[in-house]
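Trainee: Please work out how this folds:
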Amino acid sequence: MNKKILIIGIAFFVTAIITMAVVLFLFSYQPAQTPQTEDVGLTQQGIQEVVRANNQFAFDLYSKLSKSKQGNIFYSPYSLSAALAMTYEGARGQTAKEIKSVFHFPKSNILRSNFATIQNGINKENKFYKLKTGNALWAQYNYRFLKNYTDRVKKYYGGKVVNLDFKQETEKSRQTINSFIEKQTNNKIKNLIPAGVLSSMTKLVITNAIYFKGSWKWEFDKSKTSEQDFKITPTKVVKTPMMYMKPDKVRFDYAKIKGLQILELPYKGEKISMLILLPTNNLNSIESSLTVRKLNEYKAQMKETKLDSISLPNFSFNSKYFMKGILSAMGMPTAFGNADFSGMDGTKNLQISQVIHQAFIKINEKGTEAAAVTAVTMKNSMVMSRNIFRADHPFIFIIQEKGTGNILFMGRVIDPTKQ
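Mentor: Numbering: from 1, shown residues only. The predicted structure follows:
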């Protein structure tokens, strides 16, 4: 009997070892265990420069999307900045200048160690919430990439190289990358790279994933959630589950400014929070002037305030953007055409074929779950009389690191009933 148990135990052990070996063969690291990056040379000023760059890009992109897209918006400026920072490491000449300009990157010696610091901070374990980010390089196995490029990405971004065969096993390679992304995002981002995006000409795919799950410091009472009107426009109204809170003893950071209310909802652990920008009238009144500087002005006016009530819709939606046209229009067309990525392979044969960004968010009475992934594929060639915060009409929301103000996710809600 003991011998039988021993044999079964050995079989399970061997199976586990084989499974781990297969995972490590397909993936350069366990999706939930992001490698540590080297942040020697970090400075507080450098961190703020990288944060400012990310946040500036966040608002630049929001301006583009809000003008060209109808309905809800959601994305991670951090994920896009991370993926394009790794791409930027291999760019040269005009290609590098354009990427640097669009993403507002500081000098490379500042970007690298301080981006590494921010990434290590995001991945620091916290018992109150889960926040993880990770990078990877998926390279054609027989294509020669410069060692100093791949070493730099591994050192400062934790982006280890996985060798795939895009030429002979295009579909299998696509499935491998998508599987890794699913695991990194707790199965929230699926089929990131659709069939047909990769081809035998693909030489490199650069990915970043970020995942967050946190509970509100002060949760909404689910029994008080009820169907309420949400005014998409003054004449178009939908019914949506509206969460409700009457904070008797709690004070929230809040400001009531001309044409706007701004509220901060902290998550447990108090290192991550959500900012909600609720216009008094229509969203256009604040969208057109919203910048990093303006947001900082708003935040400077916030103070602990006793609110009579807080109402917020319960919502969940996905978004997906194919960003070649958007990023080209923002100022980096060369990367998609007559590109110079000689810092990757020593030639000018590579160009970006597509930048795919997919994001997911779910907000309910307990808290928030959000995920986003970016893949860079490269080939050859109303007026309130009291302190009531009622988000029953379109609003903007931002999930940020409280200490640095680093914007991790950003979006707007036009119709909370739409997925």
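
Trainee: quick one: low-confidence parts of this structure?
Mentor: 1-26, 28, 382-386 (pLDDT under 70).

Trainee: Could you list the domains of it?
Mentor: If you go by automatic domain parsing, the domain ranges for the chain are 44-215+316-380, 222-314+384-413.

Trainee: With distance to residue 27 added, can I get those in JSON lines?
Mentor: Backbone N, C-alpha and C define where each C-beta goes, glycine included. Listed next are those as JSON lines, based on distance: least, Cβ to Cβ, whole Å:
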{"stretch": "domain 44-215+316-380", "distance to residue 27": "5"}
{"stretch": "domain 222-314+384-413", "distance to residue 27": "24"}
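
Trainee: Could you provide those domains in JSON lines, with additional columns for distance to residue 33 and mean neighbour count?
Mentor: Shown next, in JSON lines, are those (distance: least, Cβ to Cβ, whole Å; neighbours: other Cβ atoms under 10 Å):
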{"stretch": "domain 44-215+316-380", "distance to residue 33": "9", "mean neighbour count": "20"}
{"stretch": "domain 222-314+384-413", "distance to residue 33": "20", "mean neighbour count": "17"}
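
Trainee: Of those domains, give the one that comes closest to residue 34.
Mentor: Residue 34 lies closest, by Cβ to Cβ, to one member of the domains of the chain: domain 44-215+316-380, at 4.0 Å.

Trainee: Which among the domains of the chain is found nearest to residue 36?
Mentor: Per Cβ to Cβ, nearest to residue 36 of the domains of the chain: domain 44-215+316-380, 6.3 Å.

Trainee: on that earlier part again, of the domains of the chain, give the one that comes closest to residue 35.
Mentor: Once the domains of the chain are compared by Cβ to Cβ, domain 44-215+316-380 is nearest, at 4.1 Å.

Trainee: Ends of the closest one, what's the gap?
Mentor: 39 Å (Cα to Cα, to the nearest Å).

Trainee: Then stretch 390-397?
Mentor: Per Cα to Cα, stretch 390-397 runs 14 Å from first to last residue.

Trainee: next one: stretch 317-328
Mentor: 26 Å.

Trainee: For it, which outside residues touch it?
Mentor: 61, 64-65, 68, 72-75, 80, 102, 335-336, 352-361, 411, 418-419 (Cβ atoms under 8 Å, 6 or more residues apart in numbering).

Trainee: Sort out for me which of those residues are in strands.
Mentor: 73-75, 352-361, 411 (DSSP state E).

Trainee: And the furthest pair within the residues you listed?
Mentor: Of all pairs drawn from those, the greatest distance, 27.6 Å, lies between 353 and 361 (Cβ to Cβ).

Trainee: follow-up on the earlier one: show me which of the ones in strands among the contacts of stretch 317-328 is closest to residue 225.
Mentor: Out of the ones in strands among the contacts of stretch 317-328, the member with the shortest distance to residue 225 (by Cβ to Cβ) is residue 361, at 17.8 Å.
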